[in-house]
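In: my questions concern the predicted model and sequence given below.
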Amino acid sequence: MAKLHQNTRSLIEPLADFNLSSSSSSLSFSIKSLAISTLSQSQTLIYAGTHSGSLLLLSLNPNSPPNSNSAHFNLHNHNHNSLPSASISFLRFASVSDLPVEYVHVIDHAGKVLVLSGGFLFLVDLLLLQPVRRLGVFKGVGVVARRVQSGVSENSNLVVGEDAGGGSSSDFSSTGRWFLQKLGGTGGVRSNGLKVKESELLRDSNCVFAVVAGRRLMLVELVLGGRDGDGGSFLVLKEIQCVDGVKTMVWLDDYIIVGNLSGYFSYSCFTGQGGLIFSLPDPSSSPWLKLLLKEYKVLLLVDNVGVIVNAQGQPVGGSLVFRRAPDSVGEIGSSVAVVRNGKLELYHKRSGNCLQIVSFSEEGVGPCVVTDQDGAGQLIFVATPSKVLCYRKVPSEEQIKDLLRKKNFQEAISLVEELQGEGEMTKEMLSFVHAQVGFLLLFDLHFEEAVNHFLLSETMQPSEVFPFIMRDPNRWSLLVFLLNPPNRADLLELAIENIIRYLHVSRDKYLTPSVKEGVDTLLMYLYRALNRVEDMERLATSENCCVVEELETLLNDSGNLRTLAFLYASKGMSSKALAIWRILARNYSPGHWEDRSGEMDSQHFSTNLSSSKKIAAFEASKILEKSSDQDLVLQHLGWIADIDQALAVRILTSERNDQLSPASITDEVIAAIDPKKVEILQSYLQWLIEDQDFEDTQFHTTYALLLAKSAIETFDNLSQNSEAGAVEETSTSVMGRNSIFQSPIRERLQIFLQSSELYDPEEVLDLIEESELWLEKAILYKKLGQETLVLQILALKLEDSEAAEHYCAEIGRPDAYMQLLEMYLDPKDGKEPMFKAAVRLLHNHGESLDPLQVLERLSSDMPLQLASNTILRMLRARLHHHRQGQIVHNLSRAIDIDASLGRMEERSRYVQINDESLCDSCHARLGTKLFAMYPDDTIVCYKCFRRQGESKSITGRDFKQEPMFKAGWLVSR
C-alpha cells in the first residue's frame with residue numbers, strides 16, 4: 001500500500017511495484033540490498049540481494065501495464081495519475097552464497113555486477129546468465145565503494161598506463177605494476193587461477209574500488225581478463241591502515257571517507273594519511289554515508305541529522321533534520337530521500353524542508369532500502385523485505401501547475417527560481433509564472449499582491465489587464481485580441497462553469513426541500529446558458545427537484561423539447577411527456593436533437609430522420625411500459641407501432657402493476673391493434689397464452705388461425721417466386737426482413753398446434769384444407785384421432801418414414817404397423833409401391849408383425865430377392881426373440897432355486913455351544929440359555945436379542961439397511 005500525504009509539493013508519483021510474496025516463484029526471498037541498471041529508456045534492470053544469499057533480477061518496463069503482482073496504491077488525494085502505470089517483472093535469480101548479500105554494485109559499461117556476501121566478493125554478468133565467479137583475493141571484506149571523480153579538479157590516476165605518456169603518474173602506479181608482476185610474472189597475471197596475457201587485460205579507470213577488510217583499506221582495480229571479459233580479478237594498487245569496524249564508506253576524488261560506531265574519518269588515497277572528521281555521540285544510530293552525485297558532495301548521518309560535506313570532509317551548506325534516523329538514504333534531483341518504518345520522506349537539500357511523505361507499507365515492516373539513478377535520473381526505487389516499489393519524478397511543469405492549483409504561489413515562484421538557477425527553466429518562464437500568479441490573485445481580489453507579481457513579470461503587457469477594467473470594445477481592443485487575453489464572455493463562461501461545479505457538489509449535501517428545488521432549477525438554467533444539452537438531459541432523466549413550472553417556458557422557447565419531455569417523465573407527467581415525443585416523431589427537425597453543430601448531409605437526412613423517429617418512439621415506449629393507464633397506452637400505441645412494431649409489442653407485454661390481461665381489457669386491446677399489423681396481434685396473443693396462462697379457447701383458436709393465415713401467405717409467396725427463380729430474395733422478404741420474430745412462421749404454427757389443447761382443430765383445418773401445409777394437417781388430424789389420414793400424410797405425402805414409424809409407436813398397436821405396410825405396398829392414386837420404405841419398416845419393426853399376414857400383404861410385383869431377404873430377416877428376428885425369452889426364463893428359474901437352496905442351508909446350520917461360550921453382547925455364559933445367532937455369525941443371549949432386535953447386530957450393522965450377501969450354488973459354479 002502506498003499513501004501520498006498532503007504535502008507542499010508532489011515531487012514523485014508511483015510508477016510500478018512488485019510483490020515477492022505473490023510472484024510466480026515458489027522460493028521465499030527477503031530483500032537486504034538493492035541496485036539498478038538503466039539499459040535503455042524502455043528497460044531498467046533491478047538487482048535485489050537477499051538475506052538468503054541470492055541475487056534477484058527484476059525488469060522495469062515503463063511502457064507496459066501493471067501486472068497482477070502489483071500492489072494497490074491507496075491515495076488520499078484520489079489522483080488517478082498516481083496509480084501504477086508500469087510493471088515490474090521477475091526474470092531470474094542467482095545463488096551467490098549462503099549468507100546475506102550486503103552490497104550490490106552494477107558496472108554498466110563493463111556489463112558486470114559486483115556483489116559482496118559473507119566477506120567475499122563475487123562477479124556476475126548483467127543478466128545473470130553466466131555462473132557466479134568468486135574473486136578469491138580478499139577475505140573478510142566488510143565494505144566496498146567505487147571511486148567517483150567529479151572532474152572539477154585534477155585527481156590522482158591510479159590505473160597503470162592511463163596517462164598520456166604511457167608511463168606511471170604516481171609512485172603507487174609502479175607499486176601496482178610491481179604487484180601485478182609478482183602475481184603473474186612478466187608474461188601475465190593469474191586472475192582467479194587463470195593465466196592471462198597482459199595484452200588481453202581490459203583496463204578501466206572507472207573500475208577502481210576501495211575495499212575494507214578488518215583494518216586494511218585496499219585500493220584495487222577490477223581487471224577483466226580475456227577478450228570476452230568473462231574472467232576478472234582485483235589488482236591491488238595501494239593498501240592503507242584504517243580504523244576498525246568500518247560500517248560505511250564513500251570514495252570521492254582523492255579522499256575516502258569511512259564511518260564506524262565511533263565517528264567519521266577521512267583518508268587521502270594519494271598519501272594514505274587519515275584523520276577524524278568528527279565523533280559520533282554514544283549511544284547513536286549506525287553511521288551512514290551517501291554520495292550526492294549531482295553536487296559531488298557527501299551526506300554524513302548522525303542519528304536523525306544529515307550533514308553535507310565536500311570531498312575533504314568540510315561541511316558545506318546547512319544540515320538536514322529528519323523525523324527519525326533512516327534505514328537508507330537516496331537522492332533524486334535537488335532532494336534527499338530517506339526511508340524508515342514504511343515511509344519515504346523527501347527533503348530539499350538547500351532549505352531542509354520536508355517536501356513530501358509517501359507511505360508504502362505499514363509500520364514495523366522491517367529495514368527498508370532505497371536506491372536511485374545516481375541522483376540525476378527520474379526514478380527512485382524502494383524495497384521492503386518482501387516488495388520492490390518504483391517512483392517517478394513528477395515533471396517540473398506539473399509541479400508548478402499543482403502548486404498554482406493549491407494556491408501555493410510563493411513556493412511555485414521559488415521552484416521556478418530554483419529550476420532557473422539549475423538551467424532547467426528560462427527567465428521568460430519565470431516572468432510567465434509571475435503573470436499567472438498575478439491573475440490568480442486578481443481573481444481572488446488580492447489586488448496589491450497581484451500588481452506586485454505583474455511588476456515582477458518582464459514579459460507581461462499592460463493591455464492584458466484592460467478587459468478587467470474597461471468596457472469592450474474600446475480603442476485598445478485590437479491590442480488585447482492580439483495578445484489573446486480573457487474577454488468578458490470567457491470570464492462569464494468561467495464563472496458559470498464554477499457556479500455549476502459548486503451547485504453540483506452541493507447536491508450531495510443535506511439540503512432542505514426548498515433549497516434542493518432551487519439548486520436543481522438553477523442548474524438547469526445554467527446548463528441552458530452554456531448550451532450543455534447532454535448535461536440538461538442527464539439532469540432531467542435523473543432524480544431531481546427541478547420546478548417544472550419555472551422551466552417549461554425556457555425549454556419550450558429554446559427548442560429543448562427532449563429535455564422538457566425527460567423532465568415531464570421524471571415528475572410523473574406521462575401524458576405531457578408522451579405528447580412531446582409524439583410531436584418530435586411526427587414533426588421532426590434536426591434542431592430538436594443533440595447534433596446542432598451544422599447542416600446535415602442530404603443523402604443522410606432520411607436515415608437520420610428514421611433513426612430519430614425510432615428514438616422518440618423508444619423513449620415513449622419506456623414511459624408506457626411503466627404506465628398502468630390503459631387509455632394512455634391505447635392512445636399512443638398506434639403511432640409507436642407505425643414506427644417500430646417491436647416497441648409496441650414491448651408495451652403490450654410489459655410488466656406493470658395493472659396488466660392489460662383481464663378479459664374485458666384484452667378485448668379492447670385487440671380491437672385497438674391495427675388488423676394490418678398481424679405480427680403485433682400474434683405477439684400479444686402469444687404472450688397471453690404462454691406467459692399469462694390464458695385458457696380461453698377463443699384466444700387459442702384466434703392465435704392458431706392468425707398463424708395459419710400467415711403460414712399460407714408465406715408458402716404461396718415462396719411458391720410463386722420459386723417459379724420465377726427468385727427463391728433467395730423472396731425468402732429474405734417473406735421470412736421477415738423487418739419481422740419481430742426470429743423463428744419462421746411455420747415453425748411457430750407447428751409448435752403451437754402440437755402444444756395447445758384448447759383451440760378448435762376443425763376450424764383451423766377448414767382454413768388450411770386446400771393448402772399444401774401437410775405437416776400442419778397431420779398434426780390437426782392427429783388431434784382429431786384420424787390415424788389413417790395422419791399415416792397417409794406422413795408416409796405418402798411427406799414420405800417421412802421415420803415420422804410414420806414413430807407415430808405407429810405412439811399408437812401402440814401392432815395393426816398400425818401392418819396398416820403402414822399396406823400403404824407402402826399399395827399407395828394408390830397411381831403411385832409406385834414404396835418397397836424401400838416397406839423393407840425399412842420390416843427391418844425395424846418386423847417382430848411386431850405377423851409373418852403370415854406380411855406374406856399375404858406382399859405384392860407380387862415385389863422383387864423375389866428383396867422379399868426373401870425381408871422375410872428371412874423377420875423370421876430370424878422372431879426366432880431370436882423367442883430364444884432370448886427362453887434364456888431369460890431359465891436364468892430366472894435357476895436364480896430362484898439357488899436362493900431357496902441358500903436359505904435352506906442357512907437355516908440348517910448347526911451351532912455348538914459349551915460351558916465356555918459367552919454372549920457377544922453382555923459376555924454372560926450361555927450354558928443352557930436360549931440364544932440367537934445373526935447372519936454375521938455373532939451370538940447373543942435371548943435377553944440381549946430382545947434388546948437389540950432381530951435386524952440389528954451388536955456390531956451396529958442393520959441388516960435391513962445393509963443386507964448381507966453370500967455366494968450361492970449358481971455363483972460358486
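Out: Good, I have the coordinates.

In: would you tell me which helix is longest in this protein?
Out: Counting by DSSP state H, the longest helix found in the chain is helix 864-907.

In: in whichever helix or strand comes after that helix, what's buried?
Out: Remark: after helix 864-907, the chain's next helix or strand is strand 931-933, criterion DSSP states H and E. Buried residues in strand 931-933, counted by 16 or more other C-beta atoms under 10 Å: residue 931. In this view, the C-beta of every residue, glycine as well, is placed from N, C-alpha and C.

In: packing partners of strand 931-933?
Out: strand 939-941, helix 942-948 (3 or more C-beta pairs under 8 Å, 6 or more residues apart in numbering; DSSP states H and E).

In: quick one: which of these is nearest residue 780?
Out: helix 942-948 (67.9 Å; C-beta to C-beta).

In: neighbouring contacts of that closest one?
Out: The set of residues external to helix 942-948 that reach it, using C-beta atoms under 8 Å, 6 or more residues apart in numbering, is 919, 921-922, 929-932, 940, 954.

In: if you rank the residues you listed by neighbours, which is first?
Out: Highest neighbour count within those: residue 940, with 23 neighbours (other C-beta atoms under 10 Å).

In: show me the beta-bridge partners of that residue.
Out: residue 932 (DSSP bridges).

In: now do it, the pLDDT please.
Out: Looking at residue 940, its pLDDT stands at 90.

In: equivalent analysis for residue 678, please.
Out: For residue 678, the predicted pLDDT is 88.

In: okay but it is in contact with residue 706, surely?
Out: Yes: if you go by C-beta atoms under 8 Å, residue 678 and residue 706 touch, sitting 6.2 Å apart.

In: just the mean pLDDT for the longest helix of the chain, thanks.
Out: The model assigns helix 864-907 a mean pLDDT of 79.

In: who does it touch, helix- and strand-wise?
Out: helix 835-845, helix 851-857, helix 969-972.

In: between it and helix 835-845, how many degrees?
Out: 10 degrees (axes from the mean of the first three to the mean of the last three C-alpha atoms, to 10 degrees).

In: I'd guessed residue 837 sits against residue 801; true?
Out: Yes: the pair residue 837 and residue 801 passes the contact test of C-beta under 8 Å, sitting 4.8 Å apart.

In: which of those two has more residues huddled nearby?
Out: Using other C-beta under 10 Å as the criterion, residue 837 and residue 801 rank with residue 837 on top: 22 against 19.

In: for that one, give me the pLDDT.
Out: pLDDT recorded at residue 837 is 86.

In: wait, what's in contact with it?
Out: By C-beta under 8 Å, 6+ apart, the neighbours of residue 837 are 795, 799, 801, 824.

In: distance-wise, check residue 586 relative to residue 880.
Out: 78 Å (C-beta to C-beta, to the nearest Å).

In: meant to ask about residue 370, not that
Out: Taking C-beta to C-beta, one finds residue 370 at 90 Å from residue 880.

In: more crowded one of these two?
Out: Set residue 370 next to residue 880 and count neighbours by other C-beta under 10 Å: residue 370 wins out with 24 against 11.

In: wait, the more buried one touches residue 332, no?
Out: No: using C-beta under 8 Å, residue 370 makes no contact with residue 332, being 9.5 Å away.

In: which neighbours do the two share?
Out: residue 380.

In: can you tell me how far residue 286 is from residue 534?
Out: 62 Å.

In: looking at the two, which is more packed in?
Out: The neighbour comparison of residue 286 against residue 534 (other C-beta under 10 Å) goes to residue 286, with 14 against 10.

In: right, and residue 493 touches residue 530 too?
Out: Yes: the pair residue 493 / residue 530 is scored as a contact, 6.6 Å apart, by C-beta under 8 Å.

In: show me the shaky parts of the stretch 551-700 of the chain.
Out: Residue ranges of the stretch 551-700 of the chain with pLDDT under 70: 587-610, 656-665.
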